[in-house]
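In: Output the structure for:
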Amino acid sequence: MTISKIFGDRRHAWAFWLGCLVVTAGVALHLPMYWMGRHMGFRLVGMPMDAGMMWGMALIIVGIGLTAFGLLPAHKGDQTPLEVLAPPEDAPLTGAHWGMCALLSVALIVDIMKPASLGFVTPGMREEYGLSGALVAVLPFAALTGTVVGSFVWGWLADIYGRRASILLSSVMFVGTSICGAMPDFWWNVGMCFLMGAAAGGMLPVAYALLAEIMPTKHRGWALVLVGGIGAVGGYFAASALSAWLQPDWGWRIMWFLNLPTGLILIALSPLLPESARFLQHVGRGEEARAMLARFGSRVRAVAAGPIEESHSHLPPVDRRHLAVTIALTLAALAWGLVNFGVLLWLPSALVAEGRSVEAASALIARSTLIAAPTILLSVWLYSAWSTKGALALMLGVTAAGLFGLLLRSMGVGLLANPVAPLALLIVGSSGVIAIILPYTAENYPLRIRGRATGWIAGCSKLGGLAAQGLSVLAIAPPLGAAAAAVGGLAVVSLALIAAVGRETRGRDLRDLEDPR
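Out: Below is the predicted model:
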């Protein structure tokens, strides 16, 4: 498939490619500043920003604007189609399916690697800029804020621009934010981290929406959970491996400049990234939808249909038919964010305060994490072979059990003097929740709002973390027992709501799931 055909549905494809060149040129203008510091361990603090860097930042802004303009759809298509293309939902997997899963796994690895790098650059950044512990906490706070905004905005864009175009726009922003590696001032890094978070937060929900709409029903469940799990594990592994390999010789700043090659790789692979045939059909581009289905080896049939329903929903998708499931999933996402970015981050300090050494506390957490390592494979099996609704409810229950175990331990219950058991439950449960909740969300909403719905839930998972990080920045984090009790209660409420109003999506055609009843 040619590049021109891939972008033939865009209003001004030339603007996209020109924008990519302009953004890359803007980043290149920052490289001399970084290279100037090679004899000082790549320390740039206090250096003045030259005219080239200023022009480079201007070019990046202009370039991102050009790419967004170039990705605008050329037309809406016929909004009153006489047929709906219906591929067989039990179709076998083809090479195109496997290729798409591999490509989206790479995209998610790159996506998750960006925020994961924060933990590896913070020590060097703190030492170079002379930051206090409270001030350096502003950096992950800014990045997390960006992921919340990005999840909301990119989910909305996916329902207008298309799934593939939104992923490409996110990739271009990755390239632009690599200039964080040349910033001589801490607050410029904070601003760039916000933009990096916005790009990273947007790709995850859009990738889930695209995968859900292309995979046949028979294979949709395990593919959604497995690709997400590979992205999460691979992202953290890539960040840690590249840090160990590059930082000793190139300093902490090199971790930001990795956004340049990884973002360009995703853009270069764009001809292999498909658009959702369901989305193409939804906007009235039936011939393109038919061609995309043929690419995946699907023989389609035409069935009568009325006019395509327009969406007047905003974020969140709280129209009357989806209000109950939106509340349930929102609470579950908030609970996960509070666990992952709150309770689990506060736990080491709590263990040290009990008299354990930092080494002993770290070793204990590491042992608990090893116990939880097979969680992704377990989640894949539960979701695809047992029950989608039941798997999410079960993982929320395991999370709540771990939280209440920490609560009882803080109250001095003797049987829980060793925190390994409740901690292992907490890590198993929270890992399972994040592996399942976005695939489940993608299956619960109709195509017209699937992007923004998945973006909303992804954003709420970060919003819970943002609240926890805000407490840390303000130095008012609650005692571990109180935090465990509050978040455990929220997990139980969300579990009860999902049990009451959640739908079983395993083995069901996405077309059948369009009706929320």
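In: what about the strands in the stretch 51-200 of the chain?
Out: Under the criterion DSSP state E, counting those that start in this stretch, the stretch 51-200 of the chain contains strands at 83-86.
In: er, the chain I mean
Out: 83-86, 301-304 (DSSP state E).
In: contacts for stretch 231-240?
Out: 104-105, 107-113, 116-117, 119-120, 204, 207, 255, 376, 434-435 (Cβ atoms under 8 Å, 6 or more residues apart in numbering). Bear in mind the C-beta positions are built from the backbone N, C-alpha and C, glycine included.
In: let's go with 6 Å and repeat that
Out: Contact with stretch 231-240 is made by 105, 108, 109, 112, 113, 116, 117, as judged by Cβ atoms under 6 Å, 6 or more residues apart in numbering.
In: for stretch 143-155, same thing?
Out: 115, 118, 166, 193-194, 197-198, 200-202, 205-206, 315, 451-452, 454-455, 458-459, 462-463, 465-466, 469.
In: One more: stretch 157-168?
Out: 71, 154, 203, 206, 209-210, 270, 273, 275-276, 279, 451-452.
In: Most widely separated two among the residues you listed?
Out: Greatest spacing in these, by Cβ to Cβ: 270 and 452 (22.7 Å).
In: which one of the two has more residues nearby?
Out: residue 452 (28 against 18; other Cβ atoms under 10 Å).
In: Might one say that the more buried one is in contact with residue 202?
Out: No: under the criterion of Cβ atoms under 6 Å, residue 452 is not in contact with residue 202, lying 11.4 Å apart.
In: Quick one: mean pLDDT for stretch 289-304?
Out: For stretch 289-304, mean pLDDT rounds to 70.
In: same question, stretch 339-348
Out: Regarding stretch 339-348, the rounded mean pLDDT is 74.
In: That one: how far from the chain's middle?
Out: Chain-centre distance of stretch 339-348: 19 Å, with Cα atoms, centre = their mean, to the nearest Å.
In: Which positions within that stretch qualify as buried?
Out: 339, 340, 341, 342, 343, 344, 345, 346, 347 (16 or more other Cβ atoms under 10 Å).
In: Report the contact partners of the residue nearest to residue 407 when sequence neighbours are not counted.
Out: Spatial nearest neighbour of residue 407, chain neighbours left out: residue 484 (4.5 Å); criterion: Cβ to Cβ, 6 or more residues apart in numbering. Contact analysis of residue 484 by Cβ under 6 Å, 6+ apart lists 403, 406, 407.
In: Selecting buried members of those in ChimeraX, what would you type?
Out: Provided next is the ChimeraX selection string for whichever of the contacts of residue 484 are buried by 16+ other Cβ under 10 Å:
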select :403,406,407
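In: Rebuild the contacts of residue 484 as a markdown table, extending it with distance to residue 328 and pLDDT.
Out: Listed next are the contacts of residue 484 as a markdown table, based on distance: Cβ to Cβ, whole Å; pLDDT from 0 to 100:
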| residue | distance to residue 328 | pLDDT |
| --- | --- | --- |
| 403 | 18 | 92 |
| 406 | 24 | 86 |
| 407 | 23 | 87 |
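In: Now, the contacts of residue 484 that are in helices?
Out: Those of the contacts of residue 484 mapping onto helices are 403, 406, 407, per DSSP state H.
In: The second one and residue 492: what is the separation?
Out: In other words, residue 406. Relative to residue 492, residue 406 is positioned 15 Å away (Cβ to Cβ, to the nearest Å).
In: do the same with residue 44
Out: Residue 44 is 49 Å from residue 492, where distance means Cβ to Cβ.
In: just residue 326 next, same as before
Out: 19 Å.
In: For the two, indicate the residue with more neighbours.
Out: residue 326 (22 against 19).
In: how much space between that one and residue 257?
Out: Separation of residue 326 from residue 257 (Cβ to Cβ): 40 Å.
In: which residue is nearest the middle of the chain?
Out: By Cα atoms, centre = their mean, the chain has its centre lying nearest to residue 204, at 3.3 Å.
In: Tell me, how many residues neighbour the residue lying closest to that residue once chain neighbours are set aside?
Out: Counting by Cβ to Cβ, 6+ apart, residue 458 is the residue found nearest to residue 204 once chain neighbours are left out, at 5.6 Å. Counted with other Cβ under 10 Å, residues neighbouring residue 458 total 29.
In: wait, residue 458 sits on residue 203?
Out: No: in this structure, residue 458 is not within contact of residue 203 by Cβ under 6 Å, at 9.8 Å.
In: State the pLDDT value of the closest residue to residue 174 other than its chain neighbours.
Out: Here the nearest residue to residue 174 in space, its sequence neighbours aside, is residue 263; by Cβ to Cβ, 6+ apart that works out to 3.5 Å. Here the pLDDT value assigned to residue 263 is 89.
In: Number of residues surrounding residue 263?
Out: Applying other Cβ under 10 Å, I find that residue 263 has 26 neighbouring residues.
In: so who does it touch?
Out: Applying Cβ under 6 Å, 6+ apart, we find residue 263 in contact with 171, 174, 175.
In: for residue 207, same thing?
Out: Applying Cβ under 6 Å, 6+ apart to residue 207 gives the contacts 104, 108.
In: shift numbering so it begins at 41
Out: Done: numbering now begins at 41, and the last item shifts to residue 247.
In: Please tell me how far it sits from residue 498.
Out: Applying Cβ to Cβ, the value for residue 247 to residue 498 is 10 Å.
In: what do you get for residue 518?
Out: According to Cβ to Cβ, residue 518 stands 26 Å off from residue 498.
In: now do residue 249
Out: According to Cβ to Cβ, residue 249 stands 10 Å off from residue 498.
In: again with residue 332
Out: Distance of residue 332 to residue 498, computed by Cβ to Cβ: 25 Å.
In: And the lowest mean pLDDT element among the helices and strands of the protein?
Out: Least confident helix or strand, the chain: helix 43-46 with a mean of 46, by mean pLDDT, DSSP states H and E.
In: pLDDT weak spots in the stretch 441-557 of the chain?
Out: Along the stretch 441-557 of the chain, segments meeting pLDDT under 70 span 453-458, 550-557.
In: Just the helices from the stretch 391-540 of the chain, written as ranges.
Out: Along the stretch 391-540 of the chain, counting by DSSP state H, counting those that start in this stretch, helices occupy 398-412, 415-421, 428-450, 460-484, 487-513, 520-541.
In: tell me how far the third one is from the chain's mean position?
Out: What it means is helix 428-450. On Cα atoms, centre = their mean, the centre of helix 428-450 falls 23 Å from that of its chain.
In: Just give me the longest helix of the protein.
Out: Longest helix of the chain, by residue count under DSSP H: helix 257-290.
In: List the buried residues for that helix?
Out: By neighbour count with 16+ other Cβ under 10 Å, helix 257-290 contains the buried residues 257-272, 274-276, 278-279, 282-283, 286-287, 290.
In: the inter-axis angle of that helix versus helix 428-450?
Out: 50 degrees (axes from the mean of the first three to the mean of the last three Cα atoms, to 10 degrees).
In: now helix 257-290: how far from the chain's centre is it?
Out: Centroid separation for helix 257-290 versus its chain: 12 Å, with Cα atoms, centre = their mean.
In: Check stretch 513-520 too.
Out: 26 Å.
In: Go through it and flag the buried ones.
Out: Buried residues in stretch 513-520, counting neighbours by 16+ other Cβ under 10 Å, are found at 517, 520.
In: Helices along the stretch 41-190 of the chain, start to end?
Out: Read by DSSP H, counting those that start in this stretch, the stretch 41-190 of the chain holds these helices, from start to end of the chain: 43-46, 53-68, 71-76, 91-110, 135-156, 158-169, 173-176, 178-198.
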